[in-house]
Each structure stands twice: as structure tokens, then as C-alpha cells.
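Enquirer: could you look at this predicted model? Sequence included:
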Amino acid sequence: MAAKKKTEPRTWLFKSEPDVFSIDDLQKAPKQTTSWEGVRNYQARNLLRDDVKVGDRVLFYHSRTEPIGVAGVAEVVREAYADPFQFEAGHKYEDPKSKPEAPTWVTVDIRFVERFDEVVPLATLKATKGLEQMMVTQRGSRLSIQPVRPAEAKIVLKLGRG
DNA sequence: GCCAACGTTGGC
DNA sequence: GCCAACGTTGGC
């Protein structure tokens, strides 16, 4: 009997401003787990909703800070569900057009895996052979949830682990 | 803090 | 459905 074919875990890059939520915040969070609420971009939403699966790896990226770069690793522990903040009146993430019977925005839960001793800076990613095509190294790349190719993930992990 | 790049909104 | 105006992101 053929074994049930399992999809290989994928790797994603999630951007966060550490002033808002950092890899340290994730490590200190209850159960070292957080909901990734607040995604309000359709392309990122589609990835979260359709492609991000339990067991996938997440490169935790710090933006708008010093140093900018990949700060550590997390893993997906819960797949897409309605982001509760879209229905919270007056909340920053409220979306009055979204209805509970057909939520527009979703979130996933991620759990801390590792914190790199040193952030792998964006400048290093840009200068590293094999990462020329990586989305985050492209000019004007604003997507907050990005797919990472397996070969790219391998290189970034090697850099992060020294 | 600046501002280029990008995404969304809304008048027509 | 076009596209100018506006708002946001995020590197620098």
C-alpha cells in the first residue's frame, strides 16, 4: 500500500517591526506562541489563507530597525482562522466591510523555534551568492508574508547559525 | 525623519 | 475601468 503523500514543509519570511513585536517578544510569549494578526494586504492574506500550513518554517524578519534582517526562526502551529481584530470596533485593525459570516482577513499562529545569536542583516542577504532572487532582497519588496525557496532557506539558516 | 515604491480608494 | 490622489511600508 502506498504511503499517503505528505506535502513538504515550506519556508516563509514574516516581517515585523521589533518595536511592535520582536523575536524576543515571541520567545517570552505564553507558550512561546503568538497570533500573526493584522495582515491587511490581499496578497499576503492569500498566502496565509491558502498556502501557510502547520509545520511550515518561518524566518522571523525585523524591519524598520537597526539591524534590519532575519532574527530567528519560528514554526506554524495553527493554520488560517479569522483575525478577530477585524471585528473589533475602534481597533487599529478593524475592517467595517468585513462580515463575521465571511471574514476578509485571517491570521495564523506561530511558535518560537530559535533566535540567532546575531541578526543576519539584509545587506548580508543581498551580498550572499544564491540569494539574488530572494524576494526580500529585491528593491521595493513590501510584501509582509513572503515565500522562501528551499535553497534560500538553507543558506539563510546557515548564515544565522554561524 | 525622509521619501521612493507600492497598494488602495474614489471620482468620473 | 481608468488613473490621480492618498495612505502605508520600509530601507536608508
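Expert: Received, thanks. Residues are numbered from 1 along each chain as shown, chains lettered A, B, ... in the order given.
Enquirer: and whichever residue of chain A sits closest to DNA strand C, what is it in contact with?
Expert: Of all residues in chain A, residue A:63 sits closest to DNA strand C, at 3.7 Å by Cβ to the nearest atom of the strand. Quick note: C-beta positions are derived from backbone N, CA and C, even for glycine. Residues in contact with residue A:63 (Cβ atoms under 8 Å, 6 or more residues apart in numbering) are A:15-17.
Enquirer: pLDDT score for it?
Expert: pLDDT recorded at residue A:63 is 97.
Enquirer: what's the burial count for the residue of chain A found nearest DNA strand B?
Expert: With Cβ to the nearest atom of the strand as the measure, residue A:140 is the residue of chain A nearest to DNA strand B, at 2.3 Å. Using other Cβ atoms under 10 Å, residue A:140 is surrounded by 4 other residues.
Enquirer: pLDDT score assigned to it?
Expert: So, for residue A:140, pLDDT stands at 89.
Enquirer: measure it to residue A:55 for me?
Expert: For residue A:140, the distance to residue A:55 equals 31 Å [Cβ to Cβ, to the nearest Å].
Enquirer: how about whichever helix or strand residue A:117 is part of: buried residues?
Expert: Per DSSP states H and E: residue A:117 is located in strand A:106-121. Within strand A:106-121, the residues that count as buried by 16 or more other Cβ atoms under 10 Å are A:106-112, A:114-116, A:119-121.
Enquirer: thinking again about what came up before, PyMOL command for the buried members of the contacts of residue A:63?
Expert: Only the buried entries of the contacts of residue A:63 go into this PyMOL selection, using 16+ other Cβ under 10 Å:
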select buried, chain A and resi 15+16
